[in-house]
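Trainee: Fold the stuff below for me.
(2 chains)
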2 protein chains.
Amino acid sequence: MRDAVHQAVLEMVIEGGVDKIGIPEISRRAGVRDSTIYRRWQTRENLVVDALLAASQRTLRVPDTGTLHGDLSTFASELIDYLNTPLGDGLTRTLAYIPESEATRQARETFWASRFQEILPMLARATERGELPADADGRALMELLVAPIHFRHLLTRQPADHAFAERLATAAIQAVQTAPGVRSSP
Amino acid sequence: MRDAVHQAVLEMVIEGGVDKIGIPEISRRAGVRDSTIYRRWQTRENLVVDALLAASQRTLRVPDTGTLHGDLSTFASELIDYLNTPLGDGLTRTLAYIPESEATRQARETFWASRFQEILPMLARATERGELPADADGRALMELLVAPIHFRHLLTRQPADHAFAERLATAAIQAVQTAPGVRSSP
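Mentor: Model (predicted):
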């Protein structure tokens, strides 16, 4: 049931944006009752974020190349490719466009906390190898890496390529290694 | 006439997003003929971007604090404040949401090229003071500075403050000073 409902949501995100997504249409496409959807997800926002998160987890694997720079470059390159798919593009625009509400806020926080949770092992390996200070702020590192990719995708539409991914990896590593403000607060 | 039309567009951006903006409604609000608008701007996208650009230029001044770090921190802080106004928020979501077309593409490029043009004197002063290499890539510098602010605003909604602005200024300056890939290509 969960897969069929997710599938229906993703198709609708790809077709035209979240503003057109209603639970009646989702239940019709997925072949389940409205009440089943409400019982499991409570709100449309929860459902949309749950579906997008599952899709991101399936699509964006966490690299293990042996170096932090290699891992970050690969992660950034795959993110660039993902944002250029109809699903990745739809996902990002949906997250940017969804109006803010308590339900959205919770779903959004769950989404980003889960995305970050997935890459923690990659950062832990870098710390073990001595490539990251033990007190480095992993979230700040990842933000410096992925923000310019989303910025280009959503706002400037400047093309992003593998060289851009590598440059961002270098800049992000440098920032957490040297700038005291990018370390975690005690 | 231009001011009245811009005003009508900005009101509509603040009220609810670009998808509801049609030339008939704009002309009604501004008290001008549809044909006048089409003659001057040709497309709805051109008009929207022209209005948003004029508003950004009025609102985001280019700082001159005496140091590059001071200028970038101030610029970033003021951008954070601007994105938290209804106009700045509407502008950014509009740019992210507007469907891609040839008209949009041109208008978008004009918008970002003009925004960058405005801050060139700030970068030139830094080069004169010896704070930036002569071949530093100013666009890359500004992208590292403003991308995380837009990323938080549009996607994670994590709060951004003055300390965040300062940290981004430090990271951006460091990246252009040391990473060879962030210098301009010859």
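Trainee: residues from chain A in reach of chain B?
Mentor: Contact residues (Cβ under 8 Å from any Cβ of the partner chain) of chain A with chain B: A:19, A:92-93, A:95-97, A:100, A:105, A:108, A:112, A:140, A:143-144, A:146-148, A:150-152, A:154-158, A:163, A:166-167, A:170-171, A:174-175, A:178-179, A:181-182. (C-beta placed from N, C-alpha, C; glycine too.)
Trainee: just the buried members of those?
Mentor: A:92-93, A:95-97, A:108, A:112, A:140, A:143-144, A:146-148, A:150-152, A:154-156, A:166-167, A:170-171, A:174-175, A:179, A:181-182 (16 or more other Cβ atoms under 10 Å in any protein chain shown).
Trainee: residues touching the spatially most central residue of chain A, list them.
Mentor: By Cα atoms, centre = their mean, chain A has its centre lying nearest to A:R115, at 5.5 Å. Taking Cβ atoms under 8 Å, 6 or more residues apart in numbering or on different chains, we find A:R115 in contact with A:53, A:56.
Trainee: For it, grab phi and psi.
Mentor: phi -60, psi -40 (degrees, to the nearest 10).
Trainee: ditto for A:R152
Mentor: Backbone torsions for A:R152, taken as degrees, to the nearest 10, come to phi -60, psi -40.
Trainee: Which residue is the nearest non-sequential neighbour of it?
Mentor: A:Q158 (4.7 Å; Cβ to Cβ, 6 or more residues apart in numbering or on different chains).
Trainee: SS state for the one you found?
Mentor: coil (DSSP: H, G, I helix; E, B strand; the rest coil).
Trainee: Could you report the pLDDT at it?
Mentor: With respect to pLDDT, A:Q158 scores 91.
Trainee: how far away is it from B:P86?
Mentor: Distance, A:Q158 to B:P86, using Cβ to Cβ, to the nearest Å: 27 Å.
Trainee: Excluding chain neighbours, give the residue nearest to A:H153 in space.
Mentor: Spatially, and ignoring its direct neighbours in sequence, A:H153 is nearest to A:L83 (4.6 Å; Cβ to Cβ, 6+ apart).
Trainee: buried residues in stretch A:64-74?
Mentor: Within stretch A:64-74, the residues that count as buried by 16+ other Cβ under 10 Å are A:68-69, A:71-74.
Trainee: These in helices, which ones?
Mentor: Mapping the buried residues of stretch A:64-74 onto helices (DSSP state H) picks out A:68-69, A:71-74.
Trainee: Could you check the pLDDT of A:A124?
Mentor: 96.
Trainee: Just give me the neighbour total for it.
Mentor: The number of residues packed near A:A124 is 12, by other Cβ atoms under 10 Å in any protein chain shown.
Trainee: Tell me how far it lies from A:T85.
Mentor: Going from A:A124 to A:T85 by Cβ to Cβ gives 29 Å.
Trainee: shouldn't A:E166 be in contact with A:T74?
Mentor: No. If you go by Cβ atoms under 8 Å, A:E166 and A:T74 don't touch, sitting 9.7 Å apart.
Trainee: how about the helices in chain A?
Mentor: Using DSSP H, helices in chain A cover A:2-16, A:23-30, A:34-41, A:44-59, A:68-83, A:86-97, A:102-128, A:138-151, A:162-178.
Trainee: could you dump the ones you listed to TSV with distance to B:S56?
Mentor: Shown next, in TSV, are the helices of chain A (distance: least, Cβ to Cβ, whole Å):
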stretch	distance to B:S56
helix A:2-16	29
helix A:23-30	37
helix A:34-41	38
helix A:44-59	30
helix A:68-83	25
helix A:86-97	18
helix A:102-128	26
helix A:138-151	16
helix A:162-178	25
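Trainee: what's the most buried one of the ones you listed?
Mentor: Most buried of those, by mean neighbour count (mean count of other Cβ atoms under 10 Å in any protein chain shown): helix A:138-151, with a mean of 23.
Trainee: how far out from the middle of the chain is that one?
Mentor: With Cα atoms, centre = their mean, to the nearest Å as the basis, helix A:138-151 stands 11 Å off its chain's centre.
Trainee: ok, and what's touching it?
Mentor: Contacts for helix A:138-151 (Cβ under 8 Å, 6+ apart): A:72, A:75-76, A:79-80, A:83, A:92, A:116, A:119-120, A:123, A:132, A:160, A:164-165, A:168-169, A:171-173, A:175-176, A:182, B:143-144, B:146-148, B:150-152, B:154-156, B:167, B:171.
Trainee: ok, now stretch A:72-83?
Mentor: Contact partners of stretch A:72-83, identified using Cβ under 8 Å, 6+ apart, comprise A:56, A:59-63, A:65, A:88-89, A:92, A:119, A:122, A:141, A:145-146, A:149-150, A:153, A:160-162, A:164-166, A:168-169, A:172-173.
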